[in-house]
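Asker: this is a predicted model, with the sequence first.
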Amino acid sequence: MTPVSDAPATGPAAPGRSPDVARIVSASLIGTTIEWYDFFLYGSAAALVFNTLFFPTADPLVGTLIAFITYAIGFAARPLGGVVFGHFGDKIGRKKLLVVSLLMMGGATFAMGLLPTYETLGVGAPILLTVLRLVQGFALGGEWGGAVLIVSEHGGDERRGFWASWPQAGAPGGNLLATGVLALLAAVQSEEAFLAWGWRVPFLLSGVLVLLGLYIRVSVSESPVFLAAQAEARADAARGVKEEAPVIEVFRRSWREVLTAIGTRFGENISYYVLTAFLLVYVTNHLELPKSTALNAVLIASAVHFVTIPLWGALSDRVGRRPVTLIGSVGMALWAFAFFALLDSKSFAVITLAVTVGLLLHGAMYGPQAAFISELFDTKVRYSGASMGSQLASIVAGALAPIIAVELLKEYGSATPVALYLCLAAVVTTVTVALARETRGRDLTATTAAASPGRTRRPEPEAVGTDTV
């Protein structure tokens, strides 16, 4: 595959679809799948392996809780990654930072597969594991914004929801890959062999996957929207116009959009980790079913999730980002209670149905999200704004979700409080999106007046189907 030049465009980026968009989508999808594989692998291992190998305690739930705390530490590093990657992504380009994030994530995951356990190294083992988890979180904090933006900025205004939803499909794709590898190993190995060495195989496999992702990512072109904005910034600098750092600009002029991004992700983020990571704990520890039951249910549901996310993104191009997201958030608020009731049946088919429906509803929130959040911000702060909004949400939502869910289960011995927690999270997203402005059809080359006071820019056209509540 021949590398494409990143030379600046000679004129403003056209709002239409880039001819390279299919290749850009493929590169983003494969890259995000690999990065999410690395990130989710830790979550699955925390529920199934790390509680005994790195955090051994007398109570299995306590060991799992400690393992999930280190899982959450990875989320704590994501906003910092969002700030750093966002700053340089808005200054030097989306593509370069995507390559760096992939190398950092893959290197940390590969190193986890080489770590000695608590039995061998003592307290040093969980410390090293936690440090590597921080590196994972830092890298992923910069990955999401760059991956969805490079696609959003290549795709045309009319089909942006569809194109930008493909990197989103990398999340279930990565989870599908991680869960599939673990399920395969659990099926062909004894419990003793899996705990002794089998768990390391998926982590070491990351090294091969990163080489594949790296080859693909270095071959894509930089976003034409960014290149046009970069040329304009150089012209401004030549005229003596001084601009603040992107992160400062975001919080000074786009803090409402950051809050909208956080609220939009809140219910989506919590529901995903309850439906996947906490599910493994609930099915294996509380219901005392085999690991394979939970892993195979997530495997099947993730396959459906992967296929349907772009369909939800395409639907958002026709009816708007808000209506599709509300289908997911309202549906999740109602499904939360049915979900655990179905799990308690202990039937593999019913458990699979419960997870599949849950992830379908999650996909309705997740599919349009990339385009929606991208359309909230102007080009010169888009990487920073999108990364900060999404990664701040990950701290208060996804990072705490498995911990809160396990603690509620441990305290009450029932899933009802967890269902209520999931329902309330979905309500937060419902209210946020209901109050937000529809962004479908926004021209990403346009700059809002609030972003650059005192400067004359081409005005942003009214978004198709704009609907202010």
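Answerer: Yes, it's here.

Asker: tell me how far the helix or strand containing Ala45 is from the chain's mean position?
Answerer: If you go by DSSP states H and E, Ala45 is part of helix 21-45. Relative to its parent chain, helix 21-45 has a centroid offset of 9 Å by C-alpha atoms, centre = their mean, to the nearest Å.

Asker: same question, stretch 130-149
Answerer: For stretch 130-149, the distance to the chain centre is 9 Å (C-alpha atoms, centre = their mean).

Asker: ok, Ala27 - contacts?
Answerer: 216-217, 219-220 (C-beta atoms under 8 Å, 6 or more residues apart in numbering). Just so you know, the C-beta spots here come from the backbone N, C-alpha and C atoms, and that holds for glycine as well.

Asker: quick check, pLDDT for Val241.
Answerer: Val241 carries a pLDDT value of 67.

Asker: now Leu128
Answerer: 90.

Asker: got it, and the one 5 residues further on?
Answerer: pLDDT recorded at Arg133 is 88.

Asker: now the residue sitting furthest away from the middle of the chain: phi and psi?
Answerer: Distance from the centre of the chain peaks at Arg239, with 39.2 Å (C-alpha atoms, centre = their mean). Note on Arg239: backbone dihedrals following degrees, to the nearest 10 are phi -90, psi 0.

Asker: can you point out the buried residues in the helix holding Ala45?
Answerer: Judged by neighbour count (16 or more other C-beta atoms under 10 Å), helix 21-45 contains these buried residues: 21, 23-25, 27-45.

Asker: continuing past it, what's the next helix or strand?
Answerer: helix 51-53.

Asker: helices and strands around that following helix, which ones?
Answerer: helix 60-76 (3 or more C-beta pairs under 8 Å, 6 or more residues apart in numbering; DSSP states H and E).

Asker: packing partners for the helix it packs on?
Answerer: Using 3+ C-beta pairs under 8 Å, 6+ apart, helix 60-76 sits against helix 21-45, helix 51-53, helix 124-152, helix 382-396, helix 401-412.

Asker: quick one: it to helix 382-396, angle?
Answerer: Here helix 60-76 points in a direction 160 degrees away from that of helix 382-396 (axes from the mean of the first three to the mean of the last three C-alpha atoms, to 10 degrees).

Asker: what are the buried residues along helix 60-76?
Answerer: Here helix 60-76 shows 61, 63-76 as buried, counting by 16+ other C-beta under 10 Å.

Asker: distance from it to the middle of the chain?
Answerer: Worked out by C-alpha atoms, centre = their mean, helix 60-76 lies 19 Å from the chain centre.

Asker: repeat that for stretch 303-317.
Answerer: On C-alpha atoms, centre = their mean, the centre of stretch 303-317 falls 15 Å from the chain's centre.

Asker: what's it in contact with?
Answerer: 158-166, 168-169, 172-173, 176, 323-325, 328, 356, 359-360, 362-364, 366-368, 370-372, 440.

Asker: circling back: who's in contact with the residue farthest from the centre of the chain?
Answerer: Here Arg239 is in contact with no residue (C-beta under 8 Å, 6+ apart).

Asker: for Asn269, state which of the buried residues of helix 60-76 is nearest.
Answerer: When those are ranked by distance to Asn269 (C-beta to C-beta), Phe75 comes first, at 9.3 Å.

Asker: now the end-to-end length of stretch 312-328.
Answerer: 10 Å (C-alpha to C-alpha, to the nearest Å).

Asker: picking up where we left off before, what angle sits between the helix holding Ala45 and helix 60-76?
Answerer: 150 degrees.

Asker: and helix 21-45 with helix 124-152, angle?
Answerer: 160 degrees.

Asker: what's the angle between helix 21-45 and helix 401-412?
Answerer: 30 degrees.

Asker: now restrict the contacts of stretch 303-317 to buried residues only.
Answerer: Here, 16+ other C-beta under 10 Å leaves 159-166, 168-169, 172-173, 176, 323-325, 328, 356, 359-360, 362-364, 366-368, 370-372, 440 buried among these.

Asker: out of the contacts of Ala27, which are buried?
Answerer: 216-217, 220.

Asker: turn those residues into TSV, including pLDDT and secondary structure.
Answerer: What follows is those, written out as TSV (pLDDT from 0 to 100; DSSP: H, G, I helix; E, B strand; the rest coil):
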residue	pLDDT	secondary structure
Ile216	76	helix
Arg217	77	helix
Val220	74	coil
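
Asker: alpha carbons of stretch 376-386, in CSV - could you do that?
Answerer: Written as CSV, here are the backbone C-alpha positions of stretch 376-386 (Å, rounded to 0.1, in the frame of the first residue of the first chain):
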residue,chain,number,x,y,z
LEU,A,376,-20.0,20.0,18.3
PHE,A,377,-16.5,21.5,17.9
ASP,A,378,-14.6,23.6,15.5
THR,A,379,-11.6,22.2,13.6
LYS,A,380,-8.8,23.9,15.5
VAL,A,381,-10.0,22.5,18.8
ARG,A,382,-12.0,19.5,17.6
TYR,A,383,-9.4,16.8,18.7
SER,A,384,-9.0,18.4,22.2
GLY,A,385,-12.8,19.1,22.7
ALA,A,386,-13.9,15.6,21.5
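
Asker: hang on, Gly173 packs against Ser28?
Answerer: No - using C-beta atoms under 8 Å as the test, Gly173 is too far from Ser28 to be in contact (11.3 Å).

Asker: thinking again about what came up before, closest to Thr264 out of the buried residues of helix 60-76?
Answerer: Closest to Thr264, out of all of the buried residues of helix 60-76 and judged by C-beta to C-beta, is Phe75, at 17.1 Å.

Asker: hmm, the closest one is touching Ala399, no?
Answerer: Yes - using C-beta under 8 Å, Phe75 is in contact with Ala399, at 3.1 Å.

Asker: what comes into contact with the helix or strand hosting Val84?
Answerer: Per DSSP H and E, Val84 falls inside helix 78-92. Contacts to helix 78-92, defined as C-beta under 8 Å, 6+ apart, come from residues 96-97, 100-101, 137-143, 145-146, 149, 245-247, 380-388, 390-392, 394-395.

Asker: all helices of the stretch 101-250 of the chain, in order?
Answerer: 118-121, 124-152, 160-168, 170-188, 191-193, 200-217, 224-238, 246-253 (DSSP state H, counting those that start in this stretch).

Asker: which strands or helices does the longest one pack on?
Answerer: Using 3+ C-beta pairs under 8 Å, 6+ apart as the contact test, the elements touching helix 124-152 are helix 21-45, helix 60-76, helix 78-92, helix 94-112, helix 118-121, helix 160-168, helix 369-374, helix 382-396.
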